[in-house]
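In: can you look at this prediction? I've put the sequence above it.
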Amino acid sequence: AQRVTQPEKLLSVFKGAPVELKCNYSYSGSPELFWYVQYSRQRLQLLLRHISRESIKGFTADLNKGETSFHLKKPFAQEEDSAMYYCALTGGSNYQLIWGAGTKLIIKP
Amino acid sequence: EPEVTQTPSHQVTQMGQEVILRCVPISNHLYFYWYRQILGQKVEFLVSFYNNEISEKSEIFDDQFSVERPDGSNFTLKIRSTKLEDSAMYFCASSGQRPNTGELFFGEGSRLTVL
């Protein structure tokens, strides 16, 4: 079954500390993985996708096919990173995104 | 910057009533979607629409649901006879490419409360 698991509902770290938001997936083929973010009172928006191998707002995520993971990392958290983060996947022939439950990230001053 | 807009932002309805949620996707986008999120639960895919027809739908999208793009700009989700369990936030999204390569642009959501 296709599934995305984000084990932490809530993650709270101090400003300047490293952040890692975990995402594990289950998919029989070759998935495309994404991180979407929802800041307070804003709409869902794409943060990054594994195919572009980019760093956005200091965040990176590496697809580890052996561990079926796509963890989101940032070396030094900032207060404006506080938001809800969703990991999602899709298969090559599918139109739908399958979502994790989301992790609420709180950055303490 | 172009945005996906949704109306209404909040609708309260009685069980059994019909509801239409409206969306205006970004104008040059070709793919349109509805997702929903029941309070405290995951975002769930309902349906995707491309080339004036449904391209994919989930098990949630049963005969009570329908989508339409009546005039080339609006994209609507109709729930024929609402149930209590239809209470959720409904998100419309659009993209210029398929989801495996293209970013989905989301609206702010329409909160549906069924009493």
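Out: Perfect, thanks for sending it.

In: when you work out contacts or count neighbours from here on, use the C-alpha atoms and nothing else.
Out: Noted.

In: quick one, what contacts residue A:7?
Out: Contact analysis of residue A:7 by Cα atoms under 8 Å, 6 or more residues apart in numbering or on different chains lists A:22, A:23.

In: likewise residue B:16?
Out: So residue B:16 contacts B:80, B:81, B:82, B:83 (Cα under 8 Å, 6+ apart).

In: and residue B:112, how far from chain A?
Out: 17 Å (Cα to the nearest Cα, to the nearest Å).

In: count of residues packed around that residue?
Out: Counted with other Cα atoms under 10 Å in any protein chain shown, the neighbours of residue B:112 add up to 23.

In: partner strands of the helix or strand containing it and their direction?
Out: Element membership for residue B:112, per DSSP states H and E: strand B:110-114. Strand pairing for strand B:110-114, determined by DSSP bridges: strand B:10-13 (parallel), strand B:88-95 (antiparallel).

In: quick one: contacts of the first one?
Out: Taking Cα under 8 Å, 6+ apart as the criterion, the residues outside strand B:10-13 that touch it are B:19, B:110, B:111, B:112, B:113, B:114, B:115.

In: ok, 7 Å please
Out: Contact with strand B:10-13 is made by B:110, B:111, B:112, B:113, B:114, B:115, as judged by Cα atoms under 7 Å, 6 or more residues apart in numbering or on different chains.

In: just the closest of those residues to chain A, please.
Out: Taking Cα to the nearest Cα as the measure, chain A lies nearest residue B:110 of the contacts of strand B:10-13, at 11.5 Å.

In: circling back to that earlier point, pick the most buried one from the strands paired with strand B:110-114.
Out: Comparing those by mean neighbour count (mean count of other Cα atoms under 10 Å in any protein chain shown), strand B:88-95 comes out on top with a mean of 25.

In: just the mean pLDDT for the next helix or strand along the chain from it, thanks.
Out: Next helix or strand after strand B:88-95 toward the C-terminus (DSSP H and E): strand B:105-106. Regarding strand B:105-106, the rounded mean pLDDT is 96.

In: with stretch A:38-53 instead?
Out: Rounded mean pLDDT across stretch A:38-53 is 90.

In: and that stretch, what's buried?
Out: Using 16 or more other Cα atoms under 10 Å in any protein chain shown as the test for burial, stretch A:38-53 gives A:38, A:43, A:44, A:45, A:46, A:47, A:48, A:49, A:50.

In: what does stretch B:47-65 give?
Out: Applying 16+ other Cα under 10 Å to stretch B:47-65 flags B:47, B:48, B:49, B:54, B:55, B:56, B:57, B:61, B:65 as buried.

In: which positions in chain A make contact with chain B?
Out: Counting by Cα under 7 Å from any Cα of the partner chain, chain A comes close to chain B at A:32, A:43-46, A:90-92, A:95-97, A:99-101.

In: what about residue B:111, distance to residue B:73?
Out: 21 Å (Cα to Cα, to the nearest Å).

In: done for today, thanks.
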